[in-house]
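Visitor: turn this into a structure:
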Amino acid sequence: MRITFLEEHLEARHEAVYAVCALMHVSGRAEMAEVLQAELALRTPAALAFVDELIGDVAASGLSRGHLEALRNVLSQLSPREEPGERAAPAGQAGIDGLADARALIHQDRVEEAESVLVRAAEASREAGDLRSEGRAEGMLCDLILRTVWPAPGSLERLAYHADRAVHALSRARDDVGLAAALRRLLVAALGLGDGPLLTDTLGRLGVVDPRGLPWWHTYVLAVQSDDPTFTRVQLEWCLNNMAKLGSDAVTWLPLCEHRLAVATGYTGDLSALPPTVAGEPPSPAVRERLEPLAARAERMRATTSSATIHRGLSAVYTPVYEALARCVAGAEAIDILERNASRSLLAAATPASDGTLDDLVRLFAARPTDANRRLLTVGLKRHRDRERIAAQRVRATGESPSPVTVQKLRELLDGSDAVLVRDRWIIDRNGVTEEPVDARVAPDARLFVVPAAGAWAEPVDATLTARYRVGLVPSLSILARVLESPARPASTLLAFADPDGSLPYAHHEGTAIARNYTESRVHTGAEATPDRYREEASGADVVHLACHGFYLPENPDYSGLRLADGALLWYADVRRIALSAALVVLGACHAGTGEVLSGSEYVGLPGAFLAAGARTVVAPLRKVDDAVTADLMDHFHRHHAATGQPAESLRRATAAVGTGDTVTAFQVFGAP
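Guide: Okay, here's the model as predicted:
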């Protein structure tokens, strides 16, 4: 029996769970009818199976059995979802034109546009019943992943998704040549995901349609799965010497096999974008000459994409290239190379905001953090991320993606005594770039901007630095340039959100107390402190203060947020999308300052999102904080800040007044100090 991996195990399950959740949260008959009409996944066995699971675990779902049984009755009366015909229709011109356009875009490294064209071509072919064109479009999407963002996080799942669709379409089209190519891509995904049943099934089907190439793939699978380095090396060398068995498809798998052999022969790290002969060599002009075309290709792809997903994937794949290239040069040139790969997703266009269903899943998990509710939330997050990616594909790139700042440009923006500490190694100031110790180069009480190394975001800044300088953390030099280019403004108007759900009594008083320090203040508490009110009013405020609960999922840090009225979340994507002109944003919320680096060199964290949105300074904690201590600290902080306009010095004075402790030391300054 044919195993359709994502249809049965991922895609159908994700679609059904999300559709059922949407149906459970409708507010009336009209909305129910709309959801029943729009969500075709409700007409699948997976939807009924999920409702049956909920009925069997009423405590975890938080719903009454009667409601669930009524829901199941509604679903059982729906007509099944119709599947496309089993025979291929004549080729549709829209699909053929789309494939030709995509090839031209891929040749120009315009990845986002190519992906968008291929998605539309696959959809048009599917609607027209043109199975062969649909399968070819899905296969080209697989190749686009393999040639650009593989093996970035999530790329194997996306590869499996498109490969499975290609296999399904081409098998019904009776296109054995195309089917063999699609099965090879599905096999690579199964191997990477460790899906044994899918791997076995795919190898069996591949042997039927491509018996000549089967020995190659059998050898490759054995090599990858072996724990014996010598055996792996010998088998992979055989594969490289017998690429002809794969015919014209060999060009796709040659880099994959070379990468495996590079790792097997002693190289370490993510080397997918590095030629094996370069990866182990010391820096030299010859190595630089071979690396520069790779970095240039990454830049061409970045220049035409506004997708944060693609930027993260490119960072994951090409970070070894940038790091190796930076070792071939020194000083400002090395920093410029690394900056081209630093937090580019923050400079890209923001992703769509969350919908109400995802808020409901978060609220359910926050109230009852059971394994069942965590799984439900994980599925919801996966579904939302897929929708974000598909939405981004439907918008053609403008070719105007912001370029990263250079050291020369940044130096022009710095004031006379300002300095920037990059990766705890380089210091940039008006006079140039040096690797001297900080205290030998930077005058006491100067502004010191710190770009931490990738693993340093979880810890507070060294206390010796904060005692000697006014320190501000920044995710990248390009975000720092935005901060320095934004004009300083007096902090006279305050917008505050305090105790939105009634569980933080000290936060309620905190909002009232800090309001006295500003000429004009709007303080929203309880049911008034909604995300919609933030979206409406935040842009015009000089100071924005949010005293609430923070929400942070280590497994999904780019879905962190702030819990406002009725448990609704102000999401990371909301923050990034809503333009600010604020001199200061204060986040009096647990974990609101938590950030980390994903996918190579891509920072994710609420402080970075606020800075990218236009705030000059963000003050936020790295960990859980106490309500009462935070209120006291913020009272002192705002009193000093309203008088001086200096965030770092105000935090220093507030700390001295309140005393050290876990809550006090958790707060950090991001952006302009």
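Visitor: quick one: the strands in the stretch 301-450 of the chain?
Guide: 419-422, 426-429, 432-434, 447-451 (DSSP state E, counting those that start in this stretch).
Visitor: Met243 touches Ala250, doesn't it?
Guide: Yes: with contacts counted by C-beta atoms under 8 Å, Met243 reaches Ala250, the gap being 4.2 Å. Where you see a C-beta, it was placed from the backbone N, CA and C, and this is true even at glycine.
Visitor: correct me, but Gly593 touches Leu622?
Guide: Yes: judged on C-beta under 8 Å, Gly593 makes contact with Leu622 at a distance of 4.8 Å.
Visitor: pick out whichever of these two has more residues nearby.
Guide: Set Gly593 next to Leu622 and count neighbours by other C-beta atoms under 10 Å: Gly593 wins out with 27 against 21.
Visitor: what about the residue lying closest to the more buried one once chain neighbours are set aside, how many residues nearby?
Guide: Spatial nearest neighbour of Gly593, excluding adjacent residues (C-beta to C-beta, 6 or more residues apart in numbering): Ala620 at 3.3 Å. Other residues lying near Ala620 total 27 when counted by other C-beta under 10 Å.
Visitor: could you measure from Leu495 over to Leu546?
Guide: Noted for Leu495: a distance of 9 Å to Leu546, by C-beta to C-beta, to the nearest Å.
Visitor: what is the rounded mean pLDDT of whatever helix or strand Asp574 lives in?
Guide: Element membership for Asp574, per DSSP states H and E: helix 572-577. If you average the pLDDT over helix 572-577, you get 81.
Visitor: one more: stretch 526-543?
Guide: Mean predicted confidence for stretch 526-543 is 91.
Visitor: go on, stretch 80-100?
Guide: 56.
Visitor: now do stretch 327-345
Guide: pLDDT averaged over stretch 327-345 gives 91.
Visitor: straight-line length of that stretch, end to end?
Guide: When the termini of stretch 327-345 are compared using C-alpha to C-alpha, to the nearest Å, they are 24 Å apart.
Visitor: buried sites along it?
Guide: 327-328, 332, 334-345 (16 or more other C-beta atoms under 10 Å).
Visitor: repeat for stretch 212-220
Guide: Quick answer for stretch 212-220 (16+ other C-beta under 10 Å): 213-214, 216-217, 219-220.
Visitor: got JSON lines for these, with secondary structure too?
Guide: Output for these, formatted as JSON lines (DSSP: H, G, I helix; E, B strand; the rest coil):
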{"residue": "Gly213", "secondary structure": "coil"}
{"residue": "Leu214", "secondary structure": "helix"}
{"residue": "Trp216", "secondary structure": "helix"}
{"residue": "Trp217", "secondary structure": "helix"}
{"residue": "Thr219", "secondary structure": "helix"}
{"residue": "Tyr220", "secondary structure": "helix"}
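Visitor: burial check on the nearest residue to Val461 once chain neighbours are set aside, number of neighbours?
Guide: Excluding the flanking residues, the one nearest Val461 by C-beta to C-beta, 6+ apart is Val471, at 5.3 Å. Counted by other C-beta under 10 Å, the residues lying close to Val471 total 23.
Visitor: isn't there a helix covering Val471?
Guide: No: going by three-state DSSP, the assignment for Val471 is strand, not a helix.
Visitor: Ala458 reaches Glu596, doesn't it?
Guide: Yes: between Ala458 and Glu596 there is a contact under C-beta under 8 Å: 6.8 Å.
Visitor: the more surrounded of the two?
Guide: Neighbours were counted for Ala458 and for Glu596 using other C-beta under 10 Å; Glu596 has more, 16 against 11.
Visitor: mind listing what the more buried one touches?
Guide: Taking C-beta atoms under 8 Å, 6 or more residues apart in numbering, we find Glu596 in contact with 457-458, 557, 603-605.
Visitor: three-state assignment of it?
Guide: strand.
Visitor: mind checking how far it is from Gly455?
Guide: Counting by C-beta to C-beta, the gap from Glu596 to Gly455 is 9 Å.
Visitor: low pLDDT regions in the stretch 251-400 of the chain?
Guide: Counting by pLDDT under 70, the ranges of the stretch 251-400 of the chain that qualify are 262-263, 265-280, 349-359, 363, 366-367, 382-400.
Visitor: switch the cut-off to 80
Guide: 251-252, 254-256, 258-281, 304-310, 312-313, 316-317, 348-400 (pLDDT under 80).
Visitor: three-state assignment of the nearest residue to Arg653 once chain neighbours are set aside?
Guide: Setting aside the residues directly before and after it, Arg653 is nearest to His640 in space (C-beta to C-beta, 6+ apart), at 4.9 Å. Following three-state DSSP, His640 is assigned to helix.
Visitor: how far away is His640 from Leu570?
Guide: Applying C-beta to C-beta, the value for His640 to Leu570 is 27 Å.
Visitor: using PDB, write down the CA coordinates of stretch 593-608.
Guide: The C-alpha coordinates for stretch 593-608 follow below in PDB (Å, rounded to 0.1, in the frame of the first residue of the first chain):
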ATOM      1  CA  GLY A 593      14.000  40.600  26.800                       C
ATOM      2  CA  THR A 594      14.800  37.000  26.000                       C
ATOM      3  CA  GLY A 595      16.400  36.600  22.600                       C
ATOM      4  CA  GLU A 596      18.500  34.000  20.700                       C
ATOM      5  CA  VAL A 597      20.100  33.400  17.400                       C
ATOM      6  CA  LEU A 598      18.500  31.000  15.000                       C
ATOM      7  CA  SER A 599      19.500  29.600  11.700                       C
ATOM      8  CA  GLY A 600      23.100  30.700  11.600                       C
ATOM      9  CA  SER A 601      23.200  34.400  12.500                       C
ATOM     10  CA  GLU A 602      19.500  35.400  12.700                       C
ATOM     11  CA  TYR A 603      18.500  37.000  16.000                       C
ATOM     12  CA  VAL A 604      14.900  36.500  17.300                       C
ATOM     13  CA  GLY A 605      13.600  38.500  20.200                       C
ATOM     14  CA  LEU A 606      11.000  41.200  21.200                       C
ATOM     15  CA  PRO A 607      13.700  43.900  21.900                       C
ATOM     16  CA  GLY A 608      15.000  43.500  18.300                       C
END
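Visitor: show the average pLDDT along that stretch.
Guide: 85.
Visitor: tell me which residues in that stretch are buried?
Guide: 593-608.
Visitor: next: stretch 137-154.
Guide: Using 16+ other C-beta under 10 Å as the test for burial, stretch 137-154 gives 137-152, 154.
Visitor: what ranges do the helices span in the stretch 151-300 of the chain?
Guide: 155-172, 176-193, 196-209, 214-225, 229-241, 250-264, 276-279, 285-303 (DSSP state H, counting those that start in this stretch).
Visitor: overlap of the contact sets of Gly593 and Leu622?
Guide: 666, 668.
Visitor: related to what we said a few turns ago, report the two of the buried residues of stretch 327-345 separated the most.
Guide: Put simply, by C-beta to C-beta the two of the buried residues of stretch 327-345 set farthest apart are Cys328 and Ser345, 25.9 Å from each other.
Visitor: since that was my last question, I'll sign off now.
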